[in-house]
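>>> using only what follows, build the 3D model:
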Amino acid sequence: MRQELKFDLDMAKNLIDSFSAVTGICCRLYSTEGECLYAQKEHHHVCSLCRELRARTEKTPQCAVVHWYGPYQAERFGGTYTYVCPNGIPYFSSPIIVEGKVAGSLVGGPILMTNIEDDLAGNTEAWLNEADERIQKSLEYLPQVEPERVKHLSDLLFASSVCISDSSSSMFYHQSLQRQQKEIHTAVCDSKQNNGLTAYPIEKEKALMSAVAEGNEPKAKALLNEILAHILFASGNHLELIHVRVQELLVVLSRSAIYAGADVEEILALNCSYLEEIEHMQSLEEICFQLSNILSRFINLVCSMSEIKHKDVVYQVTDFIRQNYQRRITLEEAAACVHLSPCYFSRMFKEEMGVNFTSYLNTYRISQSKMLLLSDNMTLSEVSELTGFEDPAYFSRVFKRVSGLTPGKYRECKGRSNLSRERLALFRAAQSNI
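Residues are numbered from 1 along each chain as shown. Here you go, the predicted structure:
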C-alpha cells in the first residue's frame, strides 16, 4: 500500500521535469520506502541490464534499498549525497523534509563521472563477464559528467528539494554549517602539518578587511574560516578565550564595513547585538557559523544592497526637495528625513548625483523660478521668495551661475510677458497643495 504523501506531488513533478529538461539527466521522485513515484528521462535499458546482471549473480536487486538509504545520508551530510547503485552506477540525492523528517527524496542519475571502465572497475564481476559490446551499447546512453559538475548538479537538486520541503531554513543551515566546518577542519589540519602553531595571521586579517570593502563574499568567508581555524587551534578549544578572540574579530569586521561606506549607526547597533549573542553561545560550531552570517550581513550592508539603498535615498531626498524647495532646507534636515548622518548622506548624495546637495537644491530652485519669470506680474523679489531664496541678491547670483543670465535678462530675452493671471494662480494653488 502506497504511503500517504506529506508534500505537494504536483510541485515535485514540475521541478523534476524542469531539472531534467535543463540538465538532460534523469531525475526521479522516491518514497521513504524506495518506491519510484515519478521519473523523467528514465534510462530503462540500463536498469534492465542491472536487473539481469543481478539475477545472473544470484543477488537480490537492492536498488530500492540504495535509493531509500541515499536521502538519509544526504540529510546527515548537509542536503546532498552521491552514491552508487548495486552495479556501480553513480547517483546523487537530496531529501524532502516535512515536519523535521525525511518524507521522500529526489534522485538524479544514472550518470558516468569519469569513463565506463573507471566507473565500473571493481564493483561487480557481472559487468566484466558480459560482452563488452553490449555493456558499451547500454551505457553509452548515460551522460558523462565531470565530478565538479556533479557537485553543481547536486546543489541544484538540493534547491529543488528545498522548495518541496517545509523546513528549508533548517536544511540550508545544516548544509552551510557542514561546509564551514569542513573548511575550518582542513585549515586546522594544514596548520598541524606546517610545524604547528604560528603567529596570528595578521596579513590574512588585512586581506579579509580588503575583501569586505570589495564586497567579495566568497573570498572573505574563506579568509575568515582560515583565521577561525587559527583561533581554535591556538586556544586549544578553550571557550572563554575563543569568545574573546571572536569578539575582537567581530570588531575588525564592523570597522571594515564602516570604512567601506556602511552606515556607522547601523553597524554599531548591530555590533552591540552580535557581541551579546556570541557571549552567550556555548558551541564552537555555532560561534563560527554566527560569525560567518555576520560577515555576510556586513558585506550586504556595504555592497550588495548599497546601490538599491542609495537610489532609494536619492529618490526620497529629491522628492523631499520638490515638496519643500519654497522654504529653507538644510543638509542636516534632508539627512534626517532619510535617517542618515549628515556626513555620510553628503558623501553618498554627491557620489550618486555627481553634484553636492546644495548645488542640486539650488539648480532645482532655479528651474522652478524660470517658469515664474515668464510673467511680469511678479517682481524678482517675489520669485526669489517663492522658490526658497531668502536673499534676492543671492538668488540673482545663483541664477546667473546656473543659467548664464541674470533673472532680469532671462525674462527680457524670453519676451513672454503675457502669462495669464489664471495660469499663475494655478501654479500657486498647486504649490500650496503640495
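>>> ok, then the element right after the helix or strand encompassing His67?
Using DSSP states H and E, His67 falls within helix 63-76. The helix or strand immediately downstream of helix 63-76 is strand 81-84, counting by DSSP H and E.
>>> who does that next one pair up with?
strand 90-98 (antiparallel) (DSSP bridges).
>>> local confidence estimate at Arg28?
Listed pLDDT for Arg28 reads 90.
>>> where does pLDDT dip in the stretch 251-400 of the chain?
For the stretch 251-400 of the chain, the stretches with pLDDT under 70 are 261, 303-312.
>>> show me where it has its strands.
Counting by DSSP state E, counting those that start in this stretch, the stretch 251-400 of the chain forms no strands at all.
>>> one step back: who touches the helix holding His67?
Here helix 63-76 makes contact (CB atoms under 8 Å, 6 or more residues apart in numbering) with 28, 30, 32-36, 47, 50, 80-81, 83-86, 91, 93-97, 102, 104-105, 107, 158, 174. Where C-beta positions appear, they are placed from N, C-alpha and C, glycine not excepted.
>>> at 6 Å what do you get?
Applying CB atoms under 6 Å, 6 or more residues apart in numbering, the contact partners of helix 63-76 are Tyr30, Gly34, Thr80, Tyr81, Tyr83, Cys85, Ser93, Ser94, Pro95, Val102, Ser105, Val107.
>>> and stretch 346-363, by the same measure?
His310, Val314, Ile321, Leu331, Val398, Val402.
>>> could you redo the last one with a cut-off of 8 Å?
261, 310-311, 313-314, 317-318, 321, 325, 329, 331, 334-335, 340, 345, 388, 398, 402.
>>> again with stretch 11-26
Applying CB under 8 Å, 6+ apart, the set of residues contacting stretch 11-26 is 27-29, 38-43, 96, 104, 106, 108-111, 143, 145, 153, 156-157, 160, 163-164.
>>> got the angle for the helix holding His67 vs strand 90-98?
60 degrees (axes from the mean of the first three to the mean of the last three CA atoms, to 10 degrees).
>>> export helix 63-76 as CSV, just CAs?
Output in CSV follows, covering the C-alpha atoms of helix 63-76 (Å, rounded to 0.1, in the frame of the first residue of the first chain):
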residue,chain,number,x,y,z
CYS,A,63,18.1,-0.6,-5.9
ALA,A,64,15.1,0.2,-3.7
VAL,A,65,17.3,-0.1,-0.6
VAL,A,66,20.0,2.1,-2.0
HIS,A,67,17.6,4.8,-3.1
TRP,A,68,16.0,4.7,0.3
TYR,A,69,19.4,4.9,2.0
GLY,A,70,20.6,7.9,-0.1
PRO,A,71,18.3,10.6,1.2
TYR,A,72,19.0,9.8,4.8
GLN,A,73,22.7,10.1,4.2
ALA,A,74,22.0,13.4,2.3
GLU,A,75,20.2,14.7,5.3
ARG,A,76,23.1,13.8,7.5
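>>> pLDDT on it, on average?
On average, helix 63-76 scores 72.
>>> and that helix, how far out from the chain's middle?
Relative to the centre of its chain, helix 63-76 is centred 30 Å away, using CA atoms, centre = their mean, to the nearest Å.
>>> do stretch 401-414 as well
Distance of stretch 401-414 from its chain centroid, counting by CA atoms, centre = their mean, is 52 Å.
>>> now do the buried residues in that stretch.
Within stretch 401-414, the residues that qualify as buried are Val402, Ser403, Pro407, Tyr410, Arg411, counting by 16 or more other CB atoms under 10 Å.
>>> I'm done for today, thanks for sticking with me.
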